[in-house]
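In: fold the stuff below for me.
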Amino acid sequence: MPLVSCIKVHDYEFKGTGILHWSIPSCEHCKGRNHRRPNLKILGISALCLVLIATGTTIYYVYNSNKKEKENQLRIERFLDEYRAMKPSRYSYADIKRITSQFKEKLGQGAYGTVFKGKLSSELLVAVKILNNSNENGEDFINEVGTMCQIHHVNVVRLVGICADGFIRALVYEYLPNCSLQNFLSSADNKNSFIGWDKLQDIALGIAKGIEYLHQGCDQRILHFDIKPHNVLLDQDFTPKVSDFGLAKFCAKDQSAISMTTARGTMGYIAPEIFSRNFGNVSYKSDVYSFGILLLEMVGGRKNFKVMEDSTSQVYFLEWIYNLLEQGNDLRIHIGDDEADVTIARKLAIVGLWCIQWHPTDRPSMKVVVQMLEREGNNLAMPPNPFACTSS
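Out: Residues are numbered from 1 along each chain as shown. All right, here's what the predicted structure looks like:
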């Protein structure tokens, strides 16, 4: 029977002799199918490999993240145990949500966290700062708690409690109703926020005393490294309190310089030696520089990177203030006619200019700054021009 002597079964050929042979397909359909099969196999194997790689990478990342977070939590727990005798109250994340009424009222947000208004069971109002996860090893948290546990001063904000619950880290501070000094950095032309030169002088002196305490009043010297208006809080009586110690560093009181691998602080307030050792060593004088910038902002009523404009050029208002004082204009046309206000503004400006000398050795200590602020403004000598080395 010639018609059935050869039957094709898939890719095999069965001949009438009873012997099974591998057959090369002769029809176009089988040829096409035979050519496509290896491509499908390659695609399948490739997809399987990608899935395995992605799964393995995910497992590795999750495992290491969990391991690292557990190590960080143990590190924080060991740190808190060391400070058990002096540490403030500890709260869970559930407590924090209750205290803030589910984070109902936001007070502000900065580079290191978000602050919410809260209330303790004792009706005490507090400010709760939820820290960002920018520093995964918890260094910001440890820095701030470690610093605040050692500080007791009227011009430094008081730490009420802490939260270290899993990934959540929070700091509970006393609530200061007038918020930050930044809200009151305004010229006398703005009646809504200007609080008067007498009050500004008291605030400047309070800040200086707070920083002096950090430098001299603790067992170790505490360098803040982020002095700026946002980090000065005001209570109901406008008493200033230095806050936000996430970048703080400790050093011995007799240590003239500290090592620093990266710049820390806020642009516009960072001392030049932090960027370049050509200006000198990084030390407590770096805080003095930041305080000087803050003083001059209080006088000028503006951020230090804004400019004043005249008919010929634009110059930074810091240099503008120096030029006015050097020329004997004493800011009268910009402050007003009240002699007492002019004297206060001139004193704040002169002290600020002493503080922002480019070389740290030319800046006064905060103890001297306090003494200068407590003296009569007319008795203060003009400092050298701090901009001379930058002028062409």
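
In: break down the stretch 51-200 of the chain into its strands, ranges please.
Out: Applying DSSP state E, counting those that start in this stretch to the stretch 51-200 of the chain gives strands spanning 89-90, 106-109, 113-119, 125-131, 159-165, 168-174.

In: equivalent analysis for the stretch 251-392 of the chain, please.
Out: 307-309, 314-316.

In: could you tell me the least trusted of these?
Out: When the strands of the stretch 251-392 of the chain are compared on average pLDDT, strand 307-309 comes out lowest at a mean of 43.

In: can you pull out the low-pLDDT segments for the stretch 151-300 of the chain?
Out: By pLDDT under 70, the weakly predicted segments of the stretch 151-300 of the chain are 186-192.

In: centre of the chain to stretch 347-367, how far?
Out: Taking CA atoms, centre = their mean, to the nearest Å, one finds stretch 347-367 lying 25 Å from the centre of the chain it belongs to.

In: flag every buried residue along stretch 168-179.
Out: Going by neighbour count (16 or more other CB atoms under 10 Å), the buried part of stretch 168-179 is 169-176, 178-179. From N, CA and C alone the C-beta is placed, and that goes for glycine too.

In: what's the answer for stretch 260-277, then?
Out: By neighbour count with 16+ other CB under 10 Å, stretch 260-277 contains the buried residues 260, 264-266, 269-274.

In: and stretch 216-234, by the same measure?
Out: Within stretch 216-234, the residues that count as buried by 16+ other CB under 10 Å are 217-218, 221-234.

In: C-alpha coordinates for that stretch, CSV please?
Out: Output in CSV follows, covering the C-alpha atoms of stretch 216-234 (Å, rounded to 0.1, in the frame of the first residue of the first chain):
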residue,chain,number,x,y,z
GLN,A,216,32.0,77.0,77.7
GLY,A,217,29.3,75.8,80.1
CYS,A,218,29.2,72.0,79.5
ASP,A,219,31.8,69.3,80.4
GLN,A,220,32.7,69.2,76.7
ARG,A,221,32.6,72.1,74.2
ILE,A,222,29.6,71.7,71.9
LEU,A,223,29.9,73.1,68.4
HIS,A,224,26.5,73.8,66.8
PHE,A,225,27.5,74.2,63.2
ASP,A,226,24.0,75.4,62.1
ILE,A,227,23.4,78.8,63.8
LYS,A,228,20.8,80.6,61.7
PRO,A,229,17.4,82.4,62.3
HIS,A,230,15.4,79.2,61.6
ASN,A,231,17.2,77.5,64.4
VAL,A,232,16.5,80.2,67.0
LEU,A,233,13.0,79.8,68.6
LEU,A,234,11.1,82.4,70.6
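
In: who's the residue lying closest to L171 once chain neighbours are set aside bridged to?
Out: Nearest residue to L171 in three dimensions, chain neighbours excluded: K129, at 4.7 Å (CB to CB, 6 or more residues apart in numbering). Beta bridges link K129 to V115, L171, judged by DSSP bridges.

In: I'm done for today, thanks for sticking with me.
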